[in-house]
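Peer 1: next input, structure requested:
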Amino acid sequence: MGLAIAKKASKHKPATRRAAKAKPRAAKRLPIQVLADGVGVSSRTIDKYIRRGCPATSVEAVQKWRDENIRAVADDADISEIGIELKRAEVAERRENARTRQLKNDMLEGKLIRKDEVELHMRTALGRFSNRLQSLGLRCANLCPAELKAPIKEAVEETVRIALKEICDDLGSYA
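Peer 2: Presented below is the predicted three-dimensional model:
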């Protein structure tokens, strides 16, 4: 009986567990190029759409947003404005086609070298160069009197090691 009275007299409610509210997860954004390919526009256009509020979660979401936002603007636009935009798009497409043809012609004429070929030749040349430099320490030491062989060899090898590291660091910035 004393316990029942104590419970009634208690000002505090019994502790209850509160369910943790689930935080909504942010939908993952797809890469701009994937969205552009799916919708059939350039990646630059998709970037503009996203800046204007277009969701980047799926191709379908972009198409829906585009139907609701872009086509309505085109319907309200003056015919002359649309004609100008079409001309700009046509000129841009022609420029891109001309650039592609020029690159193809330059490749066929031997004016361009494929990246993989350049990398292969560079790797081969740098390997040979590195081997030659690394052999300098011993060659220099063999030309010196016996008491100077060890310090000369160490000094040359250290200088070569530093030079090769600098070359690797510089070339790494181009990768």
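
Peer 1: switch to C-alpha atoms for all contacts and neighbour counts from now on
Peer 2: Will do.

Peer 1: list the buried ones in stretch 162-175?
Peer 2: Applying a neighbour-count criterion of 16 or more other C-alpha atoms under 10 Å, one finds Leu164 buried in stretch 162-175.

Peer 1: after the lengthiest helix in the chain, which helix or strand is next? Please name it.
Peer 2: Longest helix in the chain by number of residues, with DSSP state H as the criterion: helix 79-108. Once the chain leaves helix 79-108, the next helix or strand it forms, by DSSP states H and E, is helix 115-134.

Peer 1: give me the residues contacting that next one.
Peer 2: 157, 160-161, 164 (C-alpha atoms under 8 Å, 6 or more residues apart in numbering).

Peer 1: list the buried residues of that helix.
Peer 2: 133-134.

Peer 1: same question for that helix, mean pLDDT?
Peer 2: Average pLDDT, helix 115-134: 90.

Peer 1: Lys28: which of the contacts of helix 115-134 is nearest?
Peer 2: Closest approach to Lys28 among the contacts of helix 115-134 (C-alpha to C-alpha): Leu164, at 43.0 Å.

Peer 1: could you report the pLDDT at that closest one?
Peer 2: So, for Leu164, pLDDT stands at 90.

Peer 1: swap in Ala27?
Peer 2: Note on Ala27: pLDDT of 70.

Peer 1: what does Leu108 give?
Peer 2: The model's pLDDT for Leu108 equals 88.

Peer 1: neighbours of it, how many?
Peer 2: Applying other C-alpha atoms under 10 Å, we find 10 residues neighbouring Leu108.

Peer 1: how close does it sit to Ile152?
Peer 2: Distance, Leu108 to Ile152, by C-alpha to C-alpha, to the nearest Å: 52 Å.

Peer 1: which regions of this protein lie under the pLDDT threshold?
Peer 2: Within the chain, the stretches with pLDDT under 70 are 1-26, 71-81, 173-175.
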